[in-house]
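Participant: Got a sequence here, can you model it:
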Amino acid sequence: MLRSDLDSLTPTRPFNRRDFVRTTVGSGFAAAVLPVGAQTVRTDAAGLVTGEVTIPVGDFKMPAYRAAPEGRTQLPVVLVISEIFGVHEHIADVARRFAKQGYLAIAPELFVRQGDAQSYGEMAKLIAEVISKVPDAQVMGDLDATVAWANANGGDGKRLGITGFCWGGRITWLYAAHNPAVKAGVAWYGRLVGASTPLTPKHPVDLAGELKAPVLGLYGGADTGIPLDTVEAMKKALAAGSPAARRSEFVVYPDAPHAFHADYRPSYRKEAAEDGWKRCLAWMTR
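Facilitator: All right, here's what the predicted structure looks like:
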């Protein structure tokens, strides 16, 4: 069982210009999302060990952001999977939020072989030149390596969870079908269906029968990019799937758009985001 609490977060401070300049993984914001909103949450690092780490994936060295309670080992592990913008300040902040709850949280920079996702100012160009070139098989291998690193650096591999946002939400479903060590997943508005390609041969709806862990899907009813009929299709696939699939659940926030958890963007919806966060922590505990 994963361990976490339902304690409230204790952000925040105003952002200044230094916050928008990327220096290391987990710092600054992607160019495509600037300027960030005034409501952006900042979770402090008091009592935590935080910062960039390097994860070996064969001969490749993959950067990642790590946050964990200081001086503790055998921690439950949660993989935090970014949106298309990579591991910028918001994703690092989410990792710190998990660390405040007692987790070893790791956010790997999964686009780094294809390019610097944070440097792109246009989303269409970012998707065409970087995101569309990232193979699912590469991502699964990178996450396996991240889990191995966590197990060797203070994590308890028997208590492994994964959560992700948008692009990372889709990956959450895929990884819950890939790795039998995963105990729980929480997918925030991840795409559920799609065309089969050499780089993305299967999508969540195709893998529902293979889920190794139950996944909680947190979706927006006003998300124009993820129609509710695809959510219904996924529900049907889960009902006919593995035992873990049948234990999976959806929560749909009727008026919430895509990226309703992203407190740094205009799409942020405070009520849905806070409710989703509480449900996320409770799901990991269960």
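
Participant: Tell me how many other residues crowd residue 224.
Facilitator: Residue 224 has 8 neighbouring residues, counting by other C-beta atoms under 10 Å. (Glycine included, C-beta is placed from N, CA and C.)

Participant: go on, residue 38?
Facilitator: By other C-beta under 10 Å, the burial measure for residue 38, its neighbour count, is 8.

Participant: you'd agree it is in a helix?
Facilitator: No - the assignment for residue 38 (DSSP: H, G, I helix; E, B strand; the rest coil) gives coil, which keeps it out of a helix.

Participant: Quick check: nearest residue in space to residue 166, chain neighbours excluded?
Facilitator: Excluding the flanking residues, the one nearest residue 166 by C-beta to C-beta, 6 or more residues apart in numbering is residue 83, at 4.1 Å.

Participant: right, I mislabeled it, should have said residue 261
Facilitator: residue 273 (4.5 Å).

Participant: sec struct for the one you found, please.
Facilitator: helix.

Participant: Could you measure from it over to residue 188?
Facilitator: Per C-beta to C-beta, to the nearest Å, residue 273 is found 9 Å from residue 188.

Participant: Which residues are in contact with each of these two?
Facilitator: Common neighbours of residue 273 and residue 188, using C-beta atoms under 8 Å, 6 or more residues apart in numbering, are residue 261.

Participant: So for these two, which residue has more residues nearby?
Facilitator: Per other C-beta under 10 Å, whichever of residue 273 and residue 188 has more neighbours is residue 188, with 28 against 21.

Participant: just checking, the more buried one touches residue 262?
Facilitator: No - Residue 188 is beyond contact range of residue 262, at 9.1 Å (criterion: C-beta atoms under 8 Å).

Participant: what's the overlap in contacts for those two?
Facilitator: Residues touching both residue 188 and residue 262 by C-beta under 8 Å, 6+ apart: residue 165.

Participant: contacts for stretch 109-118?
Facilitator: Residues contacting stretch 109-118 (C-beta under 8 Å, 6+ apart): 22, 25, 28-31, 60, 62-65, 81-82, 84-88, 126, 129-131, 133-134, 138-139, 142-143, 171.

Participant: Now, those that are in strands?
Facilitator: Members of the contacts of stretch 109-118 lying in strands (criterion: DSSP state E): 60, 62-65, 81.

Participant: List only those of those flagged as buried.
Facilitator: Buried members of these, counted by 16 or more other C-beta atoms under 10 Å: 62-65, 81.

Participant: which one of those is nearest residue 107?
Facilitator: residue 65 (4.5 Å; C-beta to C-beta).

Participant: Can you report how many residues neighbour the closest residue to that closest one other than its chain neighbours?
Facilitator: Counting by C-beta to C-beta, 6+ apart, residue 65 lies nearest to residue 26, which is 3.6 Å off, once chain neighbours are set aside. Neighbour count for residue 26, taken as other C-beta under 10 Å: 26.

Participant: Residue 26: what's it in contact with?
Facilitator: Shown in contact with residue 26 (C-beta under 8 Å, 6+ apart): 50-52, 65, 87-89, 91-92, 95, 107.

Participant: Buried among these? Need that as a selection in PyMOL.
Facilitator: To isolate the buried members of the contacts of residue 26 in PyMOL, using 16+ other C-beta under 10 Å:
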select buried, resi 50+52+65+87+88+89+91+92+95+107
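
Participant: Name the helix or strand for residue 94, please.
Facilitator: Here residue 94 is covered by helix 89-100, with elements defined by DSSP states H and E.

Participant: and after that helix, which helix or strand comes next?
Facilitator: strand 104-108.
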